[in-house]
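Enquirer: can't give you the sequence, but here's the structure:
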């Protein structure tokens, strides 16, 4: 009888697992309608996001500057002459060089300052450390028009007008406060025991930060680097004011050469905009693996 009892109990235990009640779903399992709805929403959102890019590429293939008024005519006369003109007849590569120098310089200096600032505020309790972070946040409240004149006077006294380094410093003043807050939130997610272990092993505070903390903070650094790069790469107002030599123009300033008082070569602007997107897309591809992790982890504490 014991054998029969064991077999019956085993059969009874297996029954609920193998035979689920009809019409019920397991946890996390979606219905067919829910799956189709979510996929449909994502498809529509993707099309909305991709439409401006596709439209810009389409307009860049029109040979005339007024083709944007009659886009249906582009189909019969598509050409890559706009790209040839931009690459051969303009200072495109000078703009590219200037944009990369300014953007990469802002990224390197900005991330370095933001990472050390965020780590210091996250780990050290010095007088006024909370007020210091709020001061950084307040600097983001001032519009560009208010900052333009004092920044110009400062750069003029330092003889940094029409220099890459002067523009890099201006962009760092914009990127560093946000990135410092971002890195501070990310460093808060790293256990303090790692710092203590580094001290036990004889590392200095800077050695602990450099050898132990920075490798763990790679996702947060990727987000800060991407933000700094985009901030410097696409900015117009400061670059237009502080750069005077046309050979030092960035892309944002160079695009204005296609617009005059009575004319606008929109076909060439569209072709240049498509070419500008290439280095940005390449930089995004390099850091995209860490972007989502850095954004989500940096917001868990603060």
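Expert: Good, I have the coordinates. The structure displayed is predicted, hence computed values, not measured ones.
Enquirer: which residue ranges of the chain form helices?
Expert: Applying DSSP state H to the chain gives helices spanning 2-18, 32-60, 81-89, 92-123, 129-138, 144-157, 164-188, 193-200, 205-208, 214-216, 218-233, 237-242, 251-254, 266-298.
Enquirer: now tabulate those in a markdown table and tack on mean pLDDT and mean neighbour count.
Expert: Yep, even glycine has a C-beta here, placed from its N, CA and C like the rest. Converted to a markdown table, the helices of the chain look like this (pLDDT from 0 to 100; neighbours: other Cβ atoms under 10 Å):
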| stretch | mean pLDDT | mean neighbour count |
| --- | --- | --- |
| helix 2-18 | 48 | 9 |
| helix 32-60 | 90 | 11 |
| helix 81-89 | 90 | 15 |
| helix 92-123 | 92 | 20 |
| helix 129-138 | 80 | 13 |
| helix 144-157 | 90 | 13 |
| helix 164-188 | 90 | 22 |
| helix 193-200 | 87 | 13 |
| helix 205-208 | 85 | 14 |
| helix 214-216 | 88 | 12 |
| helix 218-233 | 89 | 23 |
| helix 237-242 | 90 | 20 |
| helix 251-254 | 86 | 22 |
| helix 266-298 | 77 | 17 |
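Enquirer: any chance of those helices in JSON lines, plus distance to residue 72?
Expert: Output for the helices of the chain, formatted as JSON lines (distance: least, Cβ to Cβ, whole Å):
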{"stretch": "helix 2-18", "distance to residue 72": "61"}
{"stretch": "helix 32-60", "distance to residue 72": "11"}
{"stretch": "helix 81-89", "distance to residue 72": "18"}
{"stretch": "helix 92-123", "distance to residue 72": "29"}
{"stretch": "helix 129-138", "distance to residue 72": "49"}
{"stretch": "helix 144-157", "distance to residue 72": "39"}
{"stretch": "helix 164-188", "distance to residue 72": "41"}
{"stretch": "helix 193-200", "distance to residue 72": "62"}
{"stretch": "helix 205-208", "distance to residue 72": "63"}
{"stretch": "helix 214-216", "distance to residue 72": "54"}
{"stretch": "helix 218-233", "distance to residue 72": "33"}
{"stretch": "helix 237-242", "distance to residue 72": "35"}
{"stretch": "helix 251-254", "distance to residue 72": "30"}
{"stretch": "helix 266-298", "distance to residue 72": "15"}
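Enquirer: so for residue 69, which of these sits nearest?
Expert: Closest to residue 69 of the helices of the chain is helix 266-298 (Cβ to Cβ; 9.3 Å).
Enquirer: between the closest one and helix 32-60, how big is the angle?
Expert: If you take axes from the mean of the first three to the mean of the last three Cα atoms, to 10 degrees, helix 266-298 sits at 140 degrees to helix 32-60.
Enquirer: got a pLDDT number for the closest residue to residue 162 other than its chain neighbours?
Expert: Spatial nearest neighbour of residue 162, chain neighbours left out: residue 244 (4.3 Å); criterion: Cβ to Cβ, 6 or more residues apart in numbering. Residue 244 is assigned 87 on the pLDDT scale.
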